[in-house]
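Enquirer: Just a sequence and a predicted model for now, questions to come.
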Amino acid sequence: MPDDFLTPKQVHAEYGISPQTLANWRWMSLGPSYIKQTPGKGGRIKYRRSAIEKWLDAQTVQTGGAAA
């Protein structure tokens, strides 16, 4: 199965992460890896679906276990 490329709007539609939040994370060097297709401030941004999934997996917190 090919790895889909998603725009920030598509990421929002599928994962609920707003385009502005994604932009803030890019500015702070946080969040999922992305591809900048064109140079400059207004460059087109795409995310690989696999990068979003990998990043979400890394953010998952396991609950349960012994009480502190």
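Expert: Noted; the coordinates are in hand. Numbers count the residues shown, from 1 in each chain.
Enquirer: Give me the contacts around the longest strand along the chain.
Expert: Taking DSSP state E as the criterion, the chain has its longest strand at strand 45-48. The contact list for strand 45-48, computed with C-beta atoms under 8 Å, 6 or more residues apart in numbering, reads 3-8, 11, 22, 26, 32-37. All C-beta spots, glycine's among them, are computed from the backbone N, C-alpha and C.
Enquirer: Of those residues, which belong to strands?
Expert: 5, 6, 35, 36.
Enquirer: Show me what the first one is bridged to.
Expert: Put plainly, it is residue 5. In this entry, residue 5 is beta-bridged to residue 48, by DSSP bridges.
Enquirer: Please shift the residue numbers so they start at 25 in all later answers.
Expert: Yep, numbering from 25; the last one is residue 29 now.
Enquirer: isn't it right next to residue 59, touching?
Expert: Yes - with contacts counted by C-beta atoms under 8 Å, residue 29 reaches residue 59, the gap being 7.2 Å.
Enquirer: Spatially nearest residue to residue 31, not counting backbone neighbours?
Expert: residue 70 (6.3 Å; C-beta to C-beta, 6 or more residues apart in numbering).
Enquirer: measure that neighbour to residue 62 for me?
Expert: Plainly put, residue 70 is 10 Å away from residue 62 if you go by C-beta to C-beta, to the nearest Å.
Enquirer: for residue 47, same thing?
Expert: Residue 47 is 15 Å from residue 62, by C-beta to C-beta.
Enquirer: next one: residue 44
Expert: Residue 44 is 20 Å from residue 62, by C-beta to C-beta.
Enquirer: Repeat that for residue 38.
Expert: Taking C-beta to C-beta, one finds residue 38 at 23 Å from residue 62.
Enquirer: More neighbours: which of the two?
Expert: Remark: of residue 38 and residue 62, residue 38 carries more neighbours, 12 against 8, as counted by other C-beta atoms under 10 Å.
Enquirer: show me the contacts for the closest residue to that one other than its chain neighbours.
Expert: The shortest distance from residue 38 to any non-neighbouring residue, by C-beta to C-beta, 6+ apart, is to residue 30 (7.0 Å). By C-beta under 8 Å, 6+ apart, the residues touching residue 30 are 38, 70, 71, 72, 73, 76.
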